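In: Here is my input; please provide its structure:
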Amino acid sequence: VGGTGRYVCFSFNGNKIVSTGGGGMITSEDPAVCEHARFLSTQAKSDPREYIHSEVGYNYRLTALQAALGTAQMERLPGFVERKREVSRRYREGLADLGVRFQGQRDGVTSTWWLTTVVLPESCDRRWVQVEMRRRGIEVRPLWQPLHQSPAMDGRVAESCPVAEGLYRRCLSLPSSTGITDEEVDRVVGALRQLLTHR
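Out: Numbering: from 1, shown residues only. Coordinates of the predicted model:
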């Protein structure tokens, strides 16, 4: 991922496998795209001494400290990915018989399982599960709200997206940090098993 393509974007937000606390990166096969991205990310100053801007630019650069943090984390990426995969495997094994579904994985592709998300049974109220898990001291999150349902997009999108709407109603992302212990994963599994078998 990121080795090919005209525009490829990465996020280094705090919840990503490799994080700088914020910011991101653009890669491209096209040197002109990279040069233009650098220009825009440094305020699009055509004349930096006179502060002349030929386009609307932004101050989107990572600081040297953030870049150093990201570089150091890149050295640990194989271990981070291995742990993410182990966490996902434990969830899959622990919840296999409860009628929940997990994200798929295409042949020839190996996921990092950045986030382990379950699709709850149709009869299950995702919000109820979320509240009950929080009562047990376990934070689970819904998928991101589909953009066409966002109040910020009201009136701008007329399309219906039934698949996205259904996933939003039924999906929960489970704690998936690289720092989560096996015991903590087992606690999440136990709480979900209790809720889904006694609802």
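In: Give me the helices and strands touching the longest helix seen in the chain, please.
Out: The single longest helix within the chain, with elements called by DSSP state H, is helix 77-95. Other elements packing on helix 77-95 under the criterion 3 or more CB pairs under 8 Å, 6 or more residues apart in numbering; DSSP states H and E are strand 101-102, strand 116-119, helix 182-197. All C-beta spots, glycine's among them, are computed from the backbone N, C-alpha and C.
In: for the residue of the chain positioned farthest from its centre, phi and psi?
Out: No residue in the chain has its C-alpha farther from the mean C-alpha position than Glu50, which lies at 40.2 Å (CA atoms, centre = their mean). Backbone torsions of Glu50, given as degrees, to the nearest 10, read phi -100, psi 0.
In: beta partners for Thr117?
Out: Here Thr117 sits in beta bridges with Ser173, going by DSSP bridges.
In: count of neighbours near it?
Out: Counted with other CB atoms under 10 Å, the neighbours of Thr117 add up to 22.
In: hang on, it packs against Phe102?
Out: Yes: Thr117 is within contact range of Phe102, at 7.3 Å (criterion: CB atoms under 8 Å).
In: which residues are in contact with both of the two?
Out: Residues touching both Thr117 and Phe102 by CB atoms under 8 Å, 6 or more residues apart in numbering: none at all.
In: And the helices in the protein, which stretches?
Out: For the chain, the helices defined by DSSP H occupy 31-41, 64-75, 77-95, 126-135, 162-170, 182-197.
In: Show me which positions of the longest one end up buried.
Out: Within helix 77-95, the residues that count as buried by 16 or more other CB atoms under 10 Å are 80-81, 83-84, 87-88, 90-91, 94-95.
In: Kindly calculate the angle that that helix makes with helix 182-197.
Out: On the basis of axes from the mean of the first three to the mean of the last three CA atoms, to 10 degrees, helix 77-95 is oriented at 30 degrees to helix 182-197.
In: State the distance from the residue nearest to Cys9 when sequence neighbours are not counted to Gly99.
Out: Distances taken as CB to CB, 6 or more residues apart in numbering place Ile26 nearest to Cys9, at 5.6 Å, with adjacent residues excluded. Separation of Ile26 from Gly99 (CB to CB, to the nearest Å): 41 Å.
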